[in-house]
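# heads up, no residue letters with this:
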């Protein structure tokens, strides 16, 4: 065979191999993002007792501290085993989450790796343009488990108040709460309005532990516990003061105006319309009253379906208007009431630092994003301008924003929203 023919054959074979490589690469890149499930986690053995299989408390006397570091990972995905609860049922219709292609996942890999190495993430999902671009589970957690919301739950009450307004069950949010709960008449609450509950400006001193321990472990009613509050720290509407009592009263107003339990309202008005994968649950007091301030439990992907409402003008993935668009804009911080103290972002208002607050919802210092936040690093983050939603579940140190929003987490959220 002539040398020239050999060269042609070699060139053809080389070209053919190149085409095959390109086709294989395109095939790999066209695969959708897949969830990463890892047994690893930040300080898994040193702090969270991985060597003991992430235990949970027995809930007997002397062993009920489910938020102890050794119990956090296990407890926060087994709350229904530890406490009384009510189911929130899914509908038969399911709206599938769409997953982006692999080539789209490039811009924040370093920030994500740094976050996982330095922050106790149990689950993390990122969606952009309604497509999942990242899904991660740590500490051996699974996508099918129910994860505790803690105070992300507060923001769910704001969503329901907006629906009640839309349905004319509430005339306006400047109505005093005694119009709905007569039992608060002649108490410190009788001059407080729904707006002031929503914005955490009731002026009542927070007594979180004094309030919640009897409700979780005692035999008391929510309203009886609340109406005896006697410590006012400021006139209503003047000072931000984060207080679970504000949220619990909102939940009772929701029950009164819809004339059914909180769990039934959330199921019929929101959960059944999202096309979720699974039922959710909410914890109750020993008397069976729903505790709607910090005790919701659901799959991470279903939290993402909630998060996407906030970047889609209140619409579900199927296009149904679940939350009124005007109310979503309010939660996002549209309006003069969110521009200055006591709740404006970037103003260093007392109790808020650089952050702002809207209706049961935190706002970033720049004012461009909002987040539902739980005390152990639970976040539903929404950045409408980039159509980005993030769900983070974790077992972080208990505290306010300084402990939850670490530098690693802030860098990750900024890069995710670019």
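Yep, that arrived. The structure displayed is predicted, hence computed values, not measured ones. Numbers count the residues shown, from 1 in each chain.

# how about residue 393, secondary structure?
Classification of residue 393 using DSSP: H, G, I helix; E, B strand; the rest coil returns strand.

# begin at 108, not 1, for the rest of this chat.
With the count now opening at 108, the last piece we talked about shows up as residue 500.

# kindly state the pLDDT recorded for it?
Predicted confidence (pLDDT) for residue 500: 98.

# tell me what it is bridged to.
Residue 500 forms beta bridges with residue 230, as assigned by DSSP bridges.

# was I right to think it contacts residue 230?
Yes. The criterion here is CB atoms under 8 Å, and residue 500 meets it with residue 230 at 4.2 Å. Placement of C-beta: from N, CA and C, glycine included.

# check contacts around the closest residue in space to residue 380 that isn't next to it in sequence.
Nearest residue to residue 380 in three dimensions, chain neighbours excluded: residue 429, at 4.9 Å (CB to CB, 6 or more residues apart in numbering). Residues in contact with residue 429 (CB atoms under 8 Å, 6 or more residues apart in numbering) are 376, 377, 380, 381, 416, 421, 422, 423.

# between residue 500 and residue 230, which contacts overlap?
Taking CB under 8 Å, 6+ apart as the contact rule, residue 500 and residue 230 both touch 254, 407.

# who has more neighbours, the two?
residue 500 (31 against 27; other CB atoms under 10 Å).

# for that one, give its distance to residue 183.
Remark: distance between residue 500 and residue 183 (CB to CB, to the nearest Å) = 7 Å.

# residues near residue 148, how many?
Residue 148: 25 neighbours (other CB under 10 Å).

# that one is in contact with residue 244, isn't it?
No. Using CB under 8 Å, residue 148 is not in contact with residue 244, being 9.6 Å away.

# find the residues that touch each one of those two.
By the contact definition CB under 8 Å, 6+ apart, residue 148 and residue 244 are jointly contacted by residue 229.

# neighbours of residue 327, just the number please.
Neighbour count for residue 327, taken as other CB under 10 Å: 15.

# host element of the nearest residue to it once chain neighbours are set aside?
Nearest in space to residue 327, with sequence neighbours left out and distances taken as CB to CB, 6+ apart, is residue 321 at 4.9 Å. For residue 321, the host element (DSSP states H and E) is helix 315-324.

# residues in contact with that helix?
Helix 315-324 is contacted by residues 171, 190, 327, 329, 332-333, 350-352, 355, 390, 392-393, 396, 398 when judged by CB under 8 Å, 6+ apart.

# please indicate which of these are buried?
For the contacts of helix 315-324, a burial check counting by 16 or more other CB atoms under 10 Å picks out 171, 190, 329, 332-333, 350-352, 355, 390, 392, 396, 398.

# in helices only, show me the residues you listed.
In this view, the buried ones among the contacts of helix 315-324 that belong to helices under DSSP state H are 329, 332, 333, 351, 352, 355.

# returning to what we had before: and of the contacts of helix 315-324, the nearest to residue 436?
residue 350 (25.1 Å; CB to CB).

# list the contacts for that closest one?
So residue 350 contacts 307, 309, 311, 312, 313, 315 (CB under 8 Å, 6+ apart).

# ranges for the helices of the stretch 108-257 of the chain?
For the stretch 108-257 of the chain, the helices defined by DSSP state H, counting those that start in this stretch occupy 110-136, 176-182, 186-189, 216-225.

# and residue 341, which helix or strand is it part of?
For residue 341, there is no helix or strand it lies in under DSSP H and E.

# spatially nearest residue to it (excluding sequence neighbours)?
Closest to residue 341 by CB to CB, 6+ apart is residue 310, at 4.2 Å.

# low pLDDT regions in this structure?
Along the chain, the parts satisfying pLDDT under 70 run over 108-137, 210-213, 337.

# can you give me the strands in it?
Secondary structure of the chain (DSSP state E): strands at 143-144, 192-195, 205-206, 228-235, 238-244, 254-255, 387-390, 403-405, 463-464, 469-470, 477-481, 485-490, 495-501.

# show residues contacting the fifth one.
Counting contacts by CB under 8 Å, 6+ apart, the residues outside strand 238-244 that touch it are 140-145, 204-207, 211-212, 219, 223, 228-234, 250, 407, 411, 523.

# rewinding a little: now the buried ones among the contacts of helix 315-324 in CSV, with distance to residue 463?
Shown next, in CSV, are the buried ones among the contacts of helix 315-324 (distance: CB to CB, whole Å):
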residue, distance to residue 463
171, 36
190, 32
329, 28
332, 29
333, 26
350, 17
351, 20
352, 21
355, 23
390, 29
392, 32
396, 31
398, 26
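
# nearest to residue 442, of these?
Distances from residue 442 to the buried ones among the contacts of helix 315-324, taken by CB to CB, are shortest for residue 350, at 22.4 Å.

# tell me how far that closest one lies from residue 339.
12 Å.

# touching both of these two, which residues are there?
Counting by CB under 8 Å, 6+ apart, the contacts common to residue 350 and residue 339 are 311, 312.

# what's the span of stretch 287-304 from first residue to last?
Using CA to CA, to the nearest Å, the end-to-end distance of stretch 287-304 comes to 13 Å.

# try stretch 444-458
End-to-end distance of stretch 444-458 (CA to CA): 17 Å.

# kindly report the same for stretch 217-237.
Note: stretch 217-237 ends 23 Å apart using CA to CA.

# report the distance from that stretch to the chain centre.
Its chain's average C-alpha position is 14 Å from that of stretch 217-237, according to CA atoms, centre = their mean, to the nearest Å.

# what's the burial count for the residue lying closest to residue 383 once chain neighbours are set aside?
Nearest residue to residue 383, sequence neighbours excluded (CB to CB, 6+ apart): residue 409, at 4.3 Å. By other CB under 10 Å, 22 other residues sit near residue 409.

# what of the one 3 residues further on?
Under the neighbour criterion other CB under 10 Å, residue 412 is assigned a count of 26.

# now do residue 222
Look at residue 222: counted by other CB under 10 Å, it has 24 neighbours.

# picking that back up, by neighbour count, which of the contacts of residue 350 wins?
Ranked by neighbour count (other CB under 10 Å), those have residue 309 at the top, with 30 neighbours.

# mind listing what it touches?
296, 299, 303, 343, 348, 350, 352, 353.

# so the fifth one touches residue 303, yeah?
No. Between residue 348 and residue 303 there is no contact, the gap being 10.4 Å when judged by CB under 8 Å.
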